[in-house]
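Engineer: Provided below are the primary sequence and the corresponding predicted coordinates.
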2 protein chains.
Amino acid sequence: MTECKQQHNPEECTKMIVPVRDALEILNGKWKLPIILSLTFGAKRFKQISKDINGITDRMLSKELKDLEVNQLVKRTVHDTFPPTVEYAITEHGKSLEKMITELRNWGLEHRKQIMGNN
Amino acid sequence: MTECKQQHNPEECTKMIVPVRDALEILNGKWKLPIILSLTFGAKRFKQISKDINGITDRMLSKELKDLEVNQLVKRTVHDTFPPTVEYAITEHGKSLEKMITELRNWGLEHRKQIMGNN
DNA sequence: AGTATTACTACCCTCAATGATAGTGCTATA
DNA sequence: TATAGCACTATCATTGAGGGTAGTAATACT
């Protein structure tokens, strides 16, 4: 971490923030990270993902999967069986989110403890 | 990481997702992580933060700071000088987000490279 | 006298995110 | 026969995130 104190170089700080905002733009909304996490446990089909993620609607899942595909985080594969089955898998690039999601998850667990404690 | 394969134990996966969703609920929106990152470089005043974060309006900054305060990620201190100055600082609990934000930031930088490459 | 700064609050508005519900074409199962 | 599952798509409605503009009380600068 470089320095970015109030009195020093405020523009440094602005620059640090940019890639965070980039990332947030790709991963925005309630559902993208849960979907990615679900797929880190193996390729899955549409209905399977929707069962993993409590409360997501088909409409949202469909849309979010499309977004993730466009951003190369998820790969969609159609198998030409009868009936055709569709499988979603995480890409290498998607896997690079694993560490970050783990940190987020741990923080979520910590936060719950923290809030419980301070009542 | 415990196992959570399609054929094995789908409920495991659901459980893994819960704390991620908890975290996302606290940190949602475009602005909270940028604000926290800005404050990891030292306590700052309102206008200073708004200068660090390009594009945020006073209205949003005010609201997000309030949210962060409620969730004990940011501490607000009023100094009774004339005129009174208000200082925002990150809490210990807020600091526990640092690793996660660093991971997110690195991913943001990686992602930019990735997307540039595949055109 | 006029303008700027600080740390906001109030009001109004728009649009994107999300939710609810239903439908489709096909197959498998009871 | 009918019921259910799959992988969606379409339509409609709602909500909330976020933006635009303005105002305020106090002081400080020019």
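Structural biologist: It's in. Numbers count the residues shown, from 1 in each chain, chains lettered A, B, ... in the order given.
Engineer: can you list the buried residues in the helix ranked longest in chain A?
Structural biologist: When chain A is parsed with DSSP state H, its longest helix is helix A:98-117. For helix A:98-117, a neighbour-count test (16 or more other Cβ atoms under 10 Å in any protein chain shown) marks A:Glu98, A:Met100, A:Ile101, A:Thr102, A:Glu103, A:Leu104, A:Arg105, A:Asn106, A:Trp107, A:Gly108, A:His111, A:Gln114 as buried. Quick note: C-beta positions are derived from backbone N, CA and C, even for glycine.
Engineer: now for those: which two are most distant?
Structural biologist: Greatest spatial distance among the buried residues of helix A:98-117 (Cβ to Cβ): A:Glu98 and A:Gln114, at 24.2 Å.
Engineer: and the strands in chain A?
Structural biologist: A:44-45, A:74-79, A:85-90 (DSSP state E).
Engineer: out of these, which is the most enclosed?
Structural biologist: Stretch with highest mean neighbour count among the strands of chain A: strand A:44-45 (a mean of 18; mean count of other Cβ atoms under 10 Å in any protein chain shown).
Engineer: pairing partners for that one, with directions?
Structural biologist: Here strand A:44-45 has these sheet partners by DSSP bridges: strand A:85-90 (antiparallel).
Engineer: quick check, pLDDT for the residue sitting nearest the centre point of chain A.
Structural biologist: Nearest to the centroid of the C-alpha atoms of chain A, with distances taken as Cα atoms, centre = their mean, sits A:Leu33, at 2.3 Å. At A:Leu33, the pLDDT value in this model is 97.
Engineer: likewise A:Phe82?
Structural biologist: The pLDDT attached to A:Phe82 in the predicted structure is 74.
Engineer: got the phi and psi for it?
Structural biologist: phi -120, psi 120 (degrees, to the nearest 10).
Engineer: what about it, neighbour count?
Structural biologist: Close neighbours of A:Phe82, defined as other Cβ atoms under 10 Å in any protein chain shown, add up to 5.
Engineer: which residues of chain A lie near DNA strand D?
Structural biologist: Contact residues, chain A versus DNA strand D (Cβ under 7 Å from any atom of the strand): A:Arg45, A:Phe46, A:Lys47, A:Gln48, A:Asp58, A:Arg59, A:Ser62, A:Arg76, A:Pro83, A:Pro84, A:Thr85, A:Val86.
Engineer: for the last one, list the residues it contacts.
Structural biologist: In this case it means A:Val86. Applying Cβ atoms under 8 Å, 6 or more residues apart in numbering or on different chains, we find A:Val86 in contact with A:Arg45, A:Phe46, A:Arg76, A:Thr77, A:Val78, A:His79.
Engineer: go ahead and confirm A:Glu87 touches A:Lys47.
Structural biologist: No. A:Glu87 lies out of contact with A:Lys47 (Cβ atoms under 8 Å); the separation is 11.5 Å.
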